[in-house]
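In: Kindly generate the corresponding structure for this input.
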Amino acid sequence: MASSKLFFFSALLLLFITIISSFNFASAQQPFRCNSAGATCNALVDYVSPNATTLSAIRTLFTIKNLRSLLGSNNLPLSSTPPNFPIAANQTIKIPFPCICNNGTGISNRRPIYKIVHGDGLYHIAAEVFSGLVTFQEIQAVNKIPNADLIEEGQDLWIPLPCSCDDVDGQKVVHYGHVVAPGSSVEGIAQQYNTSQETLLRLNNLATPQSLLAGAILDVPLRACSSTVNNNSMDYPLLVPNNTYVFTANNCVRCKCDAAAMNWMLECESSQINASCPLIRCDNLYLGNATSSTSDCNRTTCAYAGYNNNRTILTTLAMESTCPASDNKSSAMGPGSWNGVVILIINIIITTMMPFWTD
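Out: Below you'll find the predicted structure:
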């Protein structure tokens, strides 16, 4: 009887291990493809903070020039979000950074810079300080370190975050390194970020939706709001994804993308953070102001058109629609996570074995 119990339990345990092994967990990260050699652009990546911290500390860690760039990327209010704003452990913050493309891939353009402190190792810096956004081998390669075990306290390291500047399906986009949460699906992520499952599979070299790995950094192309910025402007192309805002034209102009409210049209206004900025207007309308809507939902707006080498800010009168925009919000994310399946299997094993254990 004892041998039959052992055989039966072993068979169930083997089945459990076999099923668990079929689930995908995070593994080595594929580099982001970028075929636009020498191209530069702005990119975003998720940072899942391993410990409780502040926005100011994250800004310093990622060498972000000013706090407002971090606030804009996360759609946090400028006037009421202090530098010491708390970030909880495991909270996700979007990091803005400059990207450069070479050798078929994209990495952050000489930022962030991390200064080695006593007790650091490359693996610790990559996996723990920067939460696995890079590998220690990638840090070693870009910094031309012969021996990964021989680094010096006080040494500056360039941290090569993954990114891309490529157009996607003929459109300019902002490439966003999205850290995949357990239980996510390719379809759910595609719906959430207004793209398609096929696009995500192609960009990330995923053979099937089931190839998605929890903890992986997924290249998600973010659609930007349409704008009237001239192609010879110093900030062209001004790409602002949904639910973000940026400052441009020497911080004299603030532009935000609110797809639901503005039908994917970029909305710009005077920033009011720089006292030396000129008044920005189109004839009798100030930047961002508009005429009353007509019966067909249209209105005329003083829109931002860029700025030039002389720091002259350009504007244009643009026709905008005020009709309600379609709902681009995602339905619920994909089916439940593998955790539920694991619990179910454990319950089956316990329930099945209970009569044997109570004999």
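In: Strands of the stretch 101-250 of the chain, start to end?
Out: Using DSSP state E, counting those that start in this stretch, the strands of the stretch 101-250 of the chain run over 105-108, 113-115, 156-158, 162-163, 174-179, 217-222, 244-248.
In: Is it possible to get a markdown table of the ones you listed that adds mean pLDDT?
Out: Below are the strands of the stretch 101-250 of the chain laid out as a markdown table (pLDDT from 0 to 100):
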| stretch | mean pLDDT |
| --- | --- |
| strand 105-108 | 97 |
| strand 113-115 | 98 |
| strand 156-158 | 98 |
| strand 162-163 | 98 |
| strand 174-179 | 98 |
| strand 217-222 | 98 |
| strand 244-248 | 98 |
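In: As TSV, those with distance to Leu285 would be great.
Out: Bear in mind the C-beta positions are built from the backbone N, C-alpha and C, glycine included. Below are the strands of the stretch 101-250 of the chain laid out as TSV (distance: least, CB to CB, whole Å):
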stretch	distance to Leu285
strand 105-108	39
strand 113-115	43
strand 156-158	46
strand 162-163	38
strand 174-179	29
strand 217-222	30
strand 244-248	19
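In: could you redo the ones you listed as JSON lines and give each row mean neighbour count and distance to Asn298?
Out: Formatted as JSON lines, the strands of the stretch 101-250 of the chain follow (neighbours: other CB atoms under 10 Å; distance: least, CB to CB, whole Å):
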{"stretch": "strand 105-108", "mean neighbour count": "24", "distance to Asn298": "39"}
{"stretch": "strand 113-115", "mean neighbour count": "13", "distance to Asn298": "48"}
{"stretch": "strand 156-158", "mean neighbour count": "16", "distance to Asn298": "49"}
{"stretch": "strand 162-163", "mean neighbour count": "26", "distance to Asn298": "38"}
{"stretch": "strand 174-179", "mean neighbour count": "23", "distance to Asn298": "28"}
{"stretch": "strand 217-222", "mean neighbour count": "24", "distance to Asn298": "27"}
{"stretch": "strand 244-248", "mean neighbour count": "22", "distance to Asn298": "24"}
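In: Show me the one of those that comes nearest Asn74.
Out: strand 244-248 (7.8 Å; CB to CB).
In: Only the C-alpha atoms, please, for the closest one, written as CSV.
Out: Extracted as CSV, the C-alpha positions of strand 244-248 are listed here (Å, rounded to 0.1, in the frame of the first residue of the first chain):
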residue,chain,number,x,y,z
THR,A,244,1.9,62.8,-21.3
TYR,A,245,3.1,66.4,-21.6
VAL,A,246,6.4,68.0,-22.6
PHE,A,247,8.0,71.4,-22.4
THR,A,248,9.6,72.8,-25.6
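In: A helix includes Leu71, no?
Out: Yes: applying DSSP: H, G, I helix; E, B strand; the rest coil, one finds Leu71 inside a helix.
In: Endpoints of stretch 292-304, how far apart?
Out: 19 Å (CA to CA, to the nearest Å).
In: before we move on, what about stretch 189-207?
Out: Note: stretch 189-207 ends 16 Å apart using CA to CA.
In: Go ahead and measure how far it is from the middle of the chain.
Out: 14 Å (CA atoms, centre = their mean, to the nearest Å).
In: what bits of the chain have low per-residue confidence?
Out: Along the chain, segments meeting pLDDT under 70 span 1-29, 293-296, 322, 324-359.
In: mind redoing it with 80?
Out: 1-30, 292-297, 320-359 (pLDDT under 80).
In: quick one, helices of it?
Out: Using DSSP state H, the helices of the chain run over 2-21, 55-61, 67-73, 122-124, 136-142, 186-192, 197-203, 259-262, 338-357.
In: residues of the second one that come out buried?
Out: For helix 55-61, the buried set under the neighbour-count rule, 16 or more other CB atoms under 10 Å, comprises Leu55, Ile58, Arg59, Leu61.
In: Among those, which one lies nearest to Leu218?
Out: Lowest distance from Leu218 to the buried residues of helix 55-61 (CB to CB) belongs to Ile58, with 20.9 Å.
In: Perfect, I'm done here.
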